[in-house]
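**Student:** Could you look at this predicted model? Sequence included:
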Amino acid sequence: MEVIQLHYDVNANDFTCAGEASGKLKRELKRLGFEPDVVRRTAIAVYEAEINMVIHADGGAIDASISPECITVVLKDRGPGIPDVSLAMREGYSTAPENVRNLGFGAGMGLPNIKKYSDKVDIDTVIGEGTTITLRINTAPAEN
Amino acid sequence: MDTVFHSVSLDKEKCLGCMNCIKRCPTQAIRVRHGKATIISERCIDCGECIRICPHHAKSAKSDPLAIIEGYKYKIALPAPSLYGQFNNLTDVNYVLSAFIELGFDYVFEVARGAEMISDATRKLLKSNSLKKPVISSACPAVCRLIRVSYPDLIDNILTLNTPMDESAHLARKEAVERTGLAPEDIGIFFITPCPAKITSIKSPLGFSKSEVNGAIAINEIYPQLLNKMEHLNELKTLEQAGKIGVGWASSGGEAAGSMCERYIAADGIENVIKILEEVENEKLNNIDFIELNACTGGCVGGCLQVSNNFVAKTRLKTLRKYLPVSVNRLDTDEIPDEMCWDEKLEPLSVLKLADNVTDAMKLMNQVSEMVRNFPGLDCGTCGAPTCRALAEDIVRGYASIDHCIFRLKDEMKSNDMSPSELEKIIPVPFRGEIDEEKLKWT
């Protein structure tokens, strides 16, 4: 079965490049001809996770694995970890610092949006070591 | 929907085959082959960026000559509001409008009037809360075409109302039939256009099957004759029928201001339009009600068929608008007439995908990635494609071959008997390694 592996590095605290990786991934998915809804959901979920990496962790790496049936994206950082995942999942809850909020980020919709737009999310987080988010988006039937 | 017609066209005689247009095109629709640019028809959105950038004026817009009006019994000019910004010290729009009458038109219907009607309808629709937010303006056809090609999931955000041009044409014909008693087909309606995108949407309309406009005359073509008539006007008639809001549509922000909503964005210039569409796609602008997007910098005053600098034109319009009433044209009822709305759904044009099904596309994508790894990544354009990635996609689609990349060609030539420094000279100077005998300045 055909699989496409894509890798992107995300830099810490680099707001000018924030969203670049998810933007690139989105363009690839459009080129592959996935349904607009699949492209949109993937792009938003990965964008949110990418921004989280920029804001909260010291950057990280994104690995996407694309097959006709599903898109799996692993976002791995070596940041501080999430102390209370269920709290972080709550809409509007944010620990983003003031300077980041002033840029328009930190609305507390990051993790809720990742969950909302993905078909499956795993959050593996260890305090002081880092967080790995694995999200999966099921695609529409591959045949037209 | 007809997607074949484009008003942007190429004069092969003038084209030198340089790299300017392939780099500028927002949909990567141009390649250079055999010393000439070629436009990939289904990708072109008629934005006019290539016309603007071509140093040899090889790209132009197919517009109609003034003589086209002679084919009709009753001739109506439809000047775009941005036309008013093309004249220095103009204090009264009637000078421009009267000049059209002396050029042989029977009537002038300002597109600013249609614009005010669309503004009124937009206000009503925004108030009704029945639209998918953020609402994206449909006024710039190049933007609508860009959405269709590159952002198909945003089609449902587009405001499905006529452009001011089409609305004006519709109203002008209706009025003229009532006024003259002539048959609708005896009435010729001609848009005085600032851009090629509008010309294209007359021949292949977006959102409805047939345009009421019979032809398009480019502002830069009619300008000298118009100016001449304005300077030697026989009679200054009072023809003006639009206000600040209608004329305001000429510049970026004018349409948005006319929508009277607080949370709006007005972005202009194709690269800014793209940035905003990306943000909408990422749902970052869900708190915004209305988005006005213009492919040209400054809005329609920046159209590539204008004669004046867009910033100068904008300032002139500001002065001109000062003395106008706020708005003169409104809908009679709260209902939005059907004729004002699109009657066809805009269908996505998936010209960027690599294959018709995902599995095939994935195979090609893997080939593309492999190729891109072996290309230099300089996006030098010497292969005729705008980027290394674009060349790789062309190759897997069967439109190019790997030796179109001069660096890969050099690799293939290693086996023959050229010396390494001779071989290096195949490569254009900026990308060439150091060669002993070559003494270049600035190194």
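**Tutor:** Structure's in. What do you need?

**Student:** Leaving out chain neighbours, which residue sits closest to the closest residue to chain A within the stretch 151-300 of chain B?
**Tutor:** Residue nearest to chain A within the stretch 151-300 of chain B: residue B:153 (3.5 Å; C-beta to the nearest C-beta). Bear in mind the C-beta positions are built from the backbone N, C-alpha and C, glycine included. In space, and not counting its chain neighbours, residue B:153 is closest to residue A:36: 3.5 Å by C-beta to C-beta, 6 or more residues apart in numbering or on different chains.

**Student:** List the contacts of that neighbour.
**Tutor:** Residue A:36 makes contacts with B:152-153, B:348, as judged by C-beta atoms under 8 Å, 6 or more residues apart in numbering or on different chains.

**Student:** before we move on, what about residue B:108?
**Tutor:** B:76-79, B:97, B:100-101, B:239.

**Student:** and the residues you listed, which two are the farthest apart?
**Tutor:** B:78 and B:101 (13.7 Å; C-beta to C-beta).

**Student:** These two: which is more packed in?
**Tutor:** With neighbours defined as other C-beta atoms under 10 Å in any protein chain shown, residue B:78 and residue B:101 compare such that residue B:78 has more, 30 against 19.

**Student:** element containing that one?
**Tutor:** Taking DSSP states H and E as the criterion, residue B:78 maps to strand B:74-79.

**Student:** So residue B:324 sits against residue B:317, correct?
**Tutor:** No. If you go by C-beta atoms under 8 Å, residue B:324 and residue B:317 don't touch, sitting 10.3 Å apart.

**Student:** Now for the two: what residues contact both?
**Tutor:** residue B:247.

**Student:** out of the two, which sits in the more crowded spot?
**Tutor:** Ranked by neighbour count (other C-beta under 10 Å), residue B:324 and residue B:317 place residue B:317 first, with 23 against 18.

**Student:** Could you report the separation of the more buried one from residue B:163?
**Tutor:** Residue B:317 sits 19 Å away from residue B:163, going by C-beta to C-beta, to the nearest Å.

**Student:** Next, the contact list for the residue of the stretch 301-443 of chain B found nearest chain A, please.
**Tutor:** Nearest to chain A in the stretch 301-443 of chain B, going by C-beta to the nearest C-beta, is residue B:353, at a distance of 3.5 Å. By C-beta under 8 Å, 6+ apart, the residues touching residue B:353 are A:30-33, B:361.

**Student:** tally of neighbours for the residue lying closest to residue B:414 once chain neighbours are set aside?
**Tutor:** Ranked by C-beta to C-beta, 6+ apart and with sequence neighbours excluded, the top spatial neighbour of residue B:414 is residue B:423, at 6.8 Å. Neighbour count of residue B:423, defined by other C-beta under 10 Å: 15.

**Student:** Pretty sure residue B:423 sits in a helix.
**Tutor:** Yes. Assignment of residue B:423 by DSSP: H, G, I helix; E, B strand; the rest coil places it within a helix.

**Student:** which regions of chain B sit below the pLDDT cut-off?
**Tutor:** B:1-4, B:415-416, B:435-443 (pLDDT under 70).

**Student:** those helices in the stretch 101-250 of chain B, which residues are they?
**Tutor:** For the stretch 101-250 of chain B, the helices defined by DSSP state H, counting those that start in this stretch occupy B:111-128, B:141-150, B:164-180, B:196-203, B:219-231, B:244-248.

**Student:** how about a markdown table for these, with mean neighbour count and distance to residue A:112 added?
**Tutor:** Formatted as a markdown table, those follow (neighbours: other C-beta atoms under 10 Å in any protein chain shown; distance: least, C-beta to C-beta, whole Å):
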| stretch | mean neighbour count | distance to residue A:112 |
| --- | --- | --- |
| helix B:111-128 | 23 | 28 |
| helix B:141-150 | 25 | 28 |
| helix B:164-180 | 21 | 41 |
| helix B:196-203 | 27 | 40 |
| helix B:219-231 | 17 | 50 |
| helix B:244-248 | 26 | 40 |
